[in-house]
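Novice: Let's see this in three dimensions:
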Amino acid sequence: MTLVQAIILGIVQGLTEFIPVSSSGHLVLVPHFLGWQFTKEQAFIFDVLVQWGTLLSVFIYFWQDLTAIARAFVQGIFQRKPLVDPDAKMGWYLIVATVPAVVFGLLGKDLIEHAFASAKMTGYFLFLTAILLVVAELAGQRSRSMEEITWLDSLLIGFSQVLALLPGVSRSGATIAGGMTQHLDRSAAARFSFLMSVPVMLGAGVLAFKDLAELPTLNDFLLPLLVGFLAALISGYIAIRWLIAYLSKHSLYLFAVYCTVLGLLVLFLD
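Specialist: Predicted coordinates:
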């Protein structure tokens, strides 16, 4: 992997991780149609670890929210009142929302890696992302704020995140749609989606470090990883700011149309 390839893929990762058009799908399709050849192990590890760049962009943008949640969460445990403070309760909600993806991710790791090797499968799953976004707009009443999230909301949104383990299914799209079908407004669904990305991306990156350490070409791969990480960090921060502002006034239909058109192009060209 060259530095130019790493920069391009990092930017693609950063922009599409939060904009609901599937970052994993784009990371499969961009190398496929540009004729870039990477080993399956390198591609999978790069995709997961570069997500840490977008993870850091979440930390930067939501720093006040995350520190308040972490502080209240720890204090609640030590004071034996884990659910009194709203921020502490939000911490537990994020854990609940993470459990389904962790379980399914560990059980289906080999299947997921195989799916990442197929451009055609990515095209089909892009259609699923489009369907989720349209259903969210049609079914969601958009009448609830983030402060009104419940345990059941967290669990159901967590199960929607399981779909995003497949390339072509947008993690942000699936989780925002999951929140909106629970009648959260678009901005609240997006904020919860971005916050719940923290434990999932952190865990996936930790697991990928084991595979990274076993790569025979590790020394040659570290610089592209760093460059991709920085590109994803900058573009991810820009994407978060833009999407939250966009969703305060606009629907998800534009992204549904994009996923549909891209899915059709993939199936036609492939």
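
Novice: contacts and neighbour counts: CA atoms only from here.
Specialist: Noted.

Novice: Go ahead and confirm residue 72 touches residue 90.
Specialist: No: applying Cα atoms under 8 Å, one finds residue 72 not in contact with residue 90, separated by 9.3 Å.

Novice: Counting neighbours around each, name which of these two comes out higher.
Specialist: residue 90 (26 against 22; other Cα atoms under 10 Å).

Novice: how about that one, what does it touch?
Specialist: residue 69 (Cα atoms under 8 Å, 6 or more residues apart in numbering).

Novice: Phi first, then psi, for it.
Specialist: phi -60, psi -40 (degrees, to the nearest 10).

Novice: Over to residue 79?
Specialist: Backbone torsions for residue 79, taken as degrees, to the nearest 10, come to phi -90, psi 0.

Novice: And for residue 62?
Specialist: Recorded main-chain torsions at residue 62 are phi -100, psi 30, according to degrees, to the nearest 10.

Novice: what do you get for residue 144?
Specialist: phi -120, psi 150.

Novice: Test my guess that it contacts residue 183.
Specialist: Yes: contact between residue 144 and residue 183 holds when scored by Cα under 8 Å: they sit 5.9 Å apart.

Novice: same for the lengthiest helix in the chain, what does it pack against?
Specialist: Across the chain, the helix with the greatest residue count (assigned by DSSP state H) is helix 218-247. Packed against helix 218-247 by the contact rule (3 or more Cα pairs under 8 Å, 6 or more residues apart in numbering; DSSP states H and E) you find helix 3-18, helix 40-61, helix 186-213.

Novice: Pull out the buried positions in the first one.
Specialist: It stands for helix 3-18. Applying a neighbour-count criterion of 16 or more other Cα atoms under 10 Å, the buried positions in helix 3-18 are 6-18.

Novice: mean confidence score for it?
Specialist: For helix 3-18, the per-residue pLDDT values average out at 87.

Novice: How far away from the center of its chain is stretch 88-101?
Specialist: Mean C-alpha position of stretch 88-101 versus that of the full chain (Cα atoms, centre = their mean, to the nearest Å) differs by 15 Å.

Novice: try stretch 27-46
Specialist: Once both centres are worked out by Cα atoms, centre = their mean, stretch 27-46 turns out to sit 18 Å from its chain's centre.

Novice: what do you get for stretch 180-194?
Specialist: Per Cα atoms, centre = their mean, the displacement of stretch 180-194 from the mean C-alpha position of its chain is 14 Å.

Novice: Same check on stretch 93-102?
Specialist: The chain centroid and the centroid of stretch 93-102 are separated by 13 Å under Cα atoms, centre = their mean.

Novice: do stretch 251-268 as well
Specialist: On Cα atoms, centre = their mean, the centre of stretch 251-268 falls 18 Å from that of its chain.

Novice: Give me the average confidence score over the one helix or strand residue 126 maps to.
Specialist: Residue 126 belongs to helix 119-139 when elements are defined using DSSP states H and E. Model confidence over helix 119-139, given as mean pLDDT, is 88.

Novice: For the helices and strands packed on helix 218-247, could you give me CSV that also reports distance to residue 79?
Specialist: Converted to CSV, the helices and strands packed on helix 218-247 look like this (distance: least, Cα to Cα, whole Å):
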stretch, distance to residue 79
helix 3-18, 36
helix 40-61, 26
helix 186-213, 24
